[in-house]
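>>> Next input, structure requested:
(chains A and B)
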Protein chains: 2
Amino acid sequence: MDAEQLRENAHKMVDFIADYYKNIETFPVLSQVEPGYLRDLLPHSAPDQPESLQNILDDIQAKILPGVTHWQSPNYFAYFPSNSSVAGFLGEMLSAGINMVGFSWITSPAATELEMIVLDWLAKLLKLPDHFLSTGQGGGVIQGTASEAVLVVLLAARDKVLRITGKDALGKLVVYCSDQTHSALQKACQIAGIHPGNCRVLKTESCNDYSLSPETFEQAISTDVASGLIPLLLCATVGTTSSTAVDPLLELGKITKMKGIWLHVDAAYAGSACVCPEFRHYIDGVEEADSFNMNAHKWFLTNFDCSALWVKDRSALIHSLSTNPEFLKNKASQENLVVDYKDWQIPLGRRFRSLKLWMVLRLYGLENLQSYIRNHIQLAATFESFVTEDPRFEVVAPRKFALVCFRLLPPSHKDEDCSNQLNRDLLDAVNATGKAFVSHTALSGRYVVRFAIGAPLTEESHIIEAWKIFQEVATVLLKSLKMNHTRPLN
Amino acid sequence: MDAEQLRENAHKMVDFIADYYKNIETFPVLSQVEPGYLRDLLPHSAPDQPESLQNILDDIQAKILPGVTHWQSPNYFAYFPSNSSVAGFLGEMLSAGINMVGFSWITSPAATELEMIVLDWLAKLLKLPDHFLSTGQGGGVIQGTASEAVLVVLLAARDKVLRITGKDALGKLVVYCSDQTHSALQKACQIAGIHPGNCRVLKTESCNDYSLSPETFEQAISTDVASGLIPLLLCATVGTTSSTAVDPLLELGKITKMKGIWLHVDAAYAGSACVCPEFRHYIDGVEEADSFNMNAHKWFLTNFDCSALWVKDRSALIHSLSTNPEFLKNKASQENLVVDYKDWQIPLGRRFRSLKLWMVLRLYGLENLQSYIRNHIQLAATFESFVTEDPRFEVVAPRKFALVCFRLLPPSHKDEDCSNQLNRDLLDAVNATGKAFVSHTALSGRYVVRFAIGAPLTEESHIIEAWKIFQEVATVLLKSLKMNHTRPLN
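Residues are numbered from 1 along each chain as shown, chains lettered A, B, ... in the order given. The predicted model follows:
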C-alpha cells in the first residue's frame, strides 16, 4: 500500500468508473448471459505471478460487465432502486481508504460518534420522536440491510420477554406480520428460534389496499392469548415490497402499546419519502413504535449498504447482543462512557458507513434531497397516467410513492391463468430487449408487473421510452394470443 | 450521478486518500480524543442547502481524522490487522461504482459467478479438500465477518438436527468450544436460541499452549449424551484471538466424525498463513470439517469486509436460510440452474465483494502473497527475540504466526495483581505516546500484551522503534514501582 502507487492506480480506476457511467445506457440493463457463463472465461486457479491493472480492467470490460445487471442504469425499474451518487461513492471510497474496523468506540471514536450524530440528523429530518435520538434512552445505528435490522430488534424483543418468563417460554412467543411483510421477518423468526407455527402471517385484502387491518391483528392476539401464547412483536410496514402498501401505524400502535407488544416499523423503501412534509403522514404513529428502519441505500442516494435503524430502548438491543471478551476490554467501554456498536448488531466488525450518509446529507442538502424524491414520485404519476390511458392495461394497486403496479389485461377478462401467463410473457419480453428491467409480484393471486422508479439517472425520456416498449411488446403478444386463441401460451 | 462530476470529485478524493497514506505516520496511531468530542464540532442538524466538497474534506481533516484510530499505520499492532491494499481498495471502489445488489444470480450473474470462482481459487491455494469447491456438493461464500460465518453454520447445523428430532429438541442441543474460542460463537448461540446452559466452554491449559484437548472434548460429549443432551457442533480454532493457539483438527475431527457432530473451523486470522506450504500443516485435518472460515480482510490484503466461508454441504445452509417470496422469483432460480447467495447468509442484499479478492489475487499473485505473510512472521520472530533478550520481560505463549504475547515481569515474581497492573500501565503508557497501538488479553489469569504484526506498511524499523518505546516505558514504570514499592499501584 504505497501512497503514490495508490494515487496512480486509483486515478485510473476513477476514469474507468466514470466511463462506465458515461456509457451505462449502452449495456442491456438486465444481463443477458447464461448460467455458468464466467467459468470458462477465467483460469481455473489464481496466478502465481502478479498481473497488470490494465489486464484486469480489460477483463472487467470484456468478461465481468456483460454479466452485470446495471442497477444504476436510468432504465432500471426492477425491485426497488439501490442508489449510487457522487457523494455516496466518495464516502465509500474514503471509508475503504481509512479501512478501520469500528466495533468499539476506541477502535475509531470518530466512526461511532459520527454515526450517532448523523443518525440523529436523519431522525430529525424524518421528524422521528425524540426518544429515538442518541441523546435519550434510544439511538440510531447503521445496519447492513433491513433484514439485519428486523433480526436484531426481534432478538432484543425476544430476550426482553424471556428475561421475565424464563428461557423455556421461547416456544410460546408469537410474531405478527401481514402477508405483505417482507420475507426477511420470516427468516429472522427462523434464525431466532421462534416456533414456525407461531409466526402469524395475517391476510390483507385489496379493498384495504393490502394494508394490515387493526381488527385482524387484534383478533389474532386474542386467539393467541386465549391459547396461552405470548404475543411478542408486530412488524408493520410503510411501503411494502409488492405494492408499497402502508400499514396504519396509529391504530396498530395503540394496540401494541396496550398489549405490551414490540412494534417494529419497516419503512425500508418508503422511509426516504418521509423527509418531504407532504409524505410524512405515512409514518404518523411512529411515536408508539419501539423501532424504526429505513434503507438510505435504496432511495436516498447512499451507496449500498446503509440501513438506518432507530430503537427507543437501546439497552434491550445491547442486553441481547453484547459480548465482553477480555481482548476487547478498554477503559472507555468499561466505564460506560461510550457506545460500542458491536453490541447493536450481529457482526463484530463494522465499516465506517456513516461517512457516506454524512456526505450525502451535506453535499446535497435537505432541499435537493426532497426535490429528488418528489421528481421520482412525479415521474411515477406520469407513468401511471400512461397505463391508465391505454385500455389494454390496468393499474392493479393504488400508487403512493414511485412504484406502479400494473398488468396487461387478456382479451377476455375471465381467465386468470391466461392473464398471468400473458404478463409473465410481457415481463420476459420487455427484459429480453435489454432496454428496460422490471420485476413482478403477485397480488390477490394475480401476476403483476412492478415498475419502480428511483434510479438517480432516470428522467422523463426514459419512462416514455420504457412505456413505448411495453406497448409494443403488448401489441405483439396480444396479436399472437389472438392467432393462437385455442392453444395455451406455454 | 453525473459521470463528469463523478470523475472530477473522485479524482480529488483519490488525492485526499493518497495524501492520507503519505502522512499516516504523523497521526497518533490510537486516537487520543475524549468520549463525545465530535458532537460540539458538528452542527445539530443536516443542512438545507448543499455544501462544497472542499468544506467537507476540510472537516474530515480537522474533525474526523483526529478521531480515527489508524489501522493502516505501520505502527498499528493491536487486535489483529485489517489490511488495506491498492488492489483491495481498487476493488472496493469498483464495487461501489457498479453498486449492484447481488442477492440472486439474476440481479448480477457476474457477482455470483465470480464469487464462486474466486472462492474456488482461494480454496485451492489453501489446499482445502475438494468437497469445499463449488463444483461438488459444497462451496464458498463471502460473509461480512467471521461472526456471521459461525452464525450461519450454527443455524445450518441446528436445523439439520431439528429436522430429524423435531423443533422441540432445541433445548437439548449442545455446542462445544474452548475458553479461547472467539466470543462470536457465544453470541451466535445466543442468537440461535441454544440454551445458555448448553454452551460448553472447555478449559484449556498453558501446558497445551491453550489448545483444546481432544480428551476434554470427548469427556464432555460423554457426559452430555449420558444426560440425554444432543451434541451439535464444535467450533475449533486455528489461531485463537488471544494467543494464536491451534486446536488439533486431526484428533478433534476424528471425534466429530464418529459422533456426527458438525465441525466448524475458525481460521479467521491464521487461515491466510496457510497459503504458504510451511504453515499449511496447521489446518491438517480440515478434511473432516463441515465448514471452514478465514478472513481475507484480516491478513490477506483485502479491504474490510471479506470473510471467506466454505461448507461441505451447501444444502444444509440453504435449507436453513432460504426464502422464496414471489417478488424474487425468476426462471434461473426456479429451475435450480444457479446459486442465489441470499440463501447462504443472514442479509438479503449483498455487495460485489468478490471483485476485491479477485483483484488482490491477480494484482499480487500467490508468490507475492506468500512473501507478504512470511515477512510479517519473520518480523514477529525478530520482535520475539527482542523480548527474550531483555530479562525484564517474558514471552507468555509460544509464537506461531505474527503475534507475540508477552509481559513485563514485576521486580518480585510473586504478586500477580501487581504484575497485571504493571502491564496495564505499560500498555496505557505505550498507547498514550501515539507512536504505537497495542492491545491485550488475559492468559491463565495474567494480563498479557499482544503485539500483532500485520499492517501492510509495517517494516523492521517500525518494530525496532516500537520495542524501544516498550523498553523506555518499562524503565520508567519499574523505577516508579521501586520508589513506591510499599504503595499499591492504583
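
>>> touching chain B at all, stretch A:262-272?
No. Using CB under 8 Å from any CB of the partner chain, we find that stretch A:262-272 stays clear of chain B, coming within 10.0 Å at best. No exception for glycine: its C-beta is placed from N, CA and C like everyone else's.

>>> Tell me how far that stretch lies from the chain's centre.
From the chain centre to the centre of stretch A:262-272 is a distance of 10 Å (CA atoms, centre = their mean, to the nearest Å).

>>> Check stretch A:163-178 too.
So, by CA atoms, centre = their mean, the centroid of stretch A:163-178 is 27 Å from its chain's centroid.

>>> Over to stretch A:208-227?
On CA atoms, centre = their mean, the centre of stretch A:208-227 falls 26 Å from that of its chain.

>>> pLDDT on it, on average?
In this model, stretch A:208-227 has a mean pLDDT of 98.

>>> contacting residues for the residue nearest to residue A:285 when sequence neighbours are not counted?
In space, and not counting its chain neighbours, residue A:285 is closest to residue A:249: 3.0 Å by CB to CB, 6 or more residues apart in numbering or on different chains. Listed by CB atoms under 8 Å, 6 or more residues apart in numbering or on different chains, the contact partners of residue A:249 are A:236, A:238, A:263, A:265, A:283, A:284, A:285, A:286, A:288, A:289.

>>> can you give me the helices in the stretch 351-490 of chain A?
Using DSSP state H, counting those that start in this stretch, the helices of the stretch 351-490 of chain A run over residues A:354-389, A:416-432, A:460-483.

>>> Is the first one positioned near chain B?
Think helix A:354-389. Yes. Counting by CB under 8 Å from any CB, chain B has neighbours in helix A:354-389: A:355, A:359, A:361, A:362, A:363, A:364, A:365, A:366, A:367, A:368.

>>> Compute the number of surrounding residues for the first one.
A total of 27 residues lie near residue A:355 under the criterion other CB atoms under 10 Å in any protein chain shown.

>>> Residues of the stretch 351-490 of chain A that sit close to chain B?
So far as CB under 8 Å from any CB goes, the stretch 351-490 of chain A lies against chain B at A:351, A:355, A:359, A:361-368, A:428, A:439-442, A:450, A:456-457.

>>> Redo the residues of helix A:354-389 next to chain B as JSON lines? Include pLDDT.
As requested, these are exported to JSON lines (pLDDT from 0 to 100):
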{"residue": "A:355", "pLDDT": "98"}
{"residue": "A:359", "pLDDT": "98"}
{"residue": "A:361", "pLDDT": "98"}
{"residue": "A:362", "pLDDT": "98"}
{"residue": "A:363", "pLDDT": "98"}
{"residue": "A:364", "pLDDT": "98"}
{"residue": "A:365", "pLDDT": "98"}
{"residue": "A:366", "pLDDT": "98"}
{"residue": "A:367", "pLDDT": "98"}
{"residue": "A:368", "pLDDT": "98"}
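
>>> Most neighbours out of those, which is it?
Going by other CB under 10 Å, residue A:359 tops those with 29 neighbours.

>>> returning to what we had before: sort out for me which of the contacts of residue A:249 are in strands.
With strands taken from DSSP state E, the overlap with the contacts of residue A:249 comprises A:236, A:263, A:265.

>>> can the residues you listed go into CSV with extra columns for distance to residue B:479?
Shown next, in CSV, are the ones in strands among the contacts of residue A:249 (distance: CB to CB, whole Å):
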residue, distance to residue B:479
A:236, 65
A:263, 61
A:265, 60
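
>>> before we move on, the earlier item: out of the residues of helix A:354-389 next to chain B, what pair is the most spread apart?
A:355 and A:367 (22.0 Å; CB to CB).

>>> does stretch A:81-92 come close to chain B?
Yes. Stretch A:81-92 comes into contact with chain B (CB under 8 Å from any CB), by way of A:82, A:83, A:84, A:85, A:86, A:88, A:89, A:90, A:92.

>>> Just the ones of these in helices?
A:86, A:88, A:89, A:90, A:92 (DSSP state H).

>>> Can you tell me which of the residues you listed is nearest residue A:32?
Closest approach to residue A:32 among these (CB to CB): residue A:89, at 26.3 Å.

>>> What sits closest to the closest one if chain neighbours are left out?
Nearest to residue A:89 is residue B:96, by CB to CB, 6+ apart, at 5.5 Å.

>>> go on, residue A:123?
The spatially closest residue to residue A:123, leaving aside those adjacent along the chain, is residue A:132, at 5.2 Å (CB to CB, 6+ apart).

>>> cool, and residue A:261?
Distance criterion CB to CB, 6+ apart; nearest residue to residue A:261, sequence neighbours excluded, is residue A:231 at 5.0 Å.

>>> How about residue A:17?
Using CB to CB, 6+ apart and skipping residues adjacent in sequence, the residue nearest residue A:17 is residue B:97, 3.7 Å away.

>>> Kindly report the same for residue A:350.
Nearest one to residue A:350, counting by CB to CB, 6+ apart, is residue A:102 at 5.2 Å.

>>> What count of nearby residues applies to the one you found?
29.

>>> now do the one 4 residues further on
Residue A:106: 24 surrounding residues under other CB under 10 Å.

>>> Residue A:334: neighbour count?
By other CB under 10 Å, 10 other residues sit near residue A:334.

>>> try residue A:166
Other residues near residue A:166 number 9, with proximity taken as other CB under 10 Å.

>>> And the one 4 residues further on, by the same measure?
As a burial measure, residue A:170 scores 22 neighbours (other CB under 10 Å).

>>> what do you get for the one 3 residues further on?
In terms of burial, residue A:173 registers 25 neighbours under the definition other CB under 10 Å.

>>> Also residue A:6?
Around residue A:6 there are 22 other residues, counting by other CB under 10 Å.

>>> now do the one 3 residues further on
Per other CB under 10 Å, the neighbour tally for residue A:9 reads 20.
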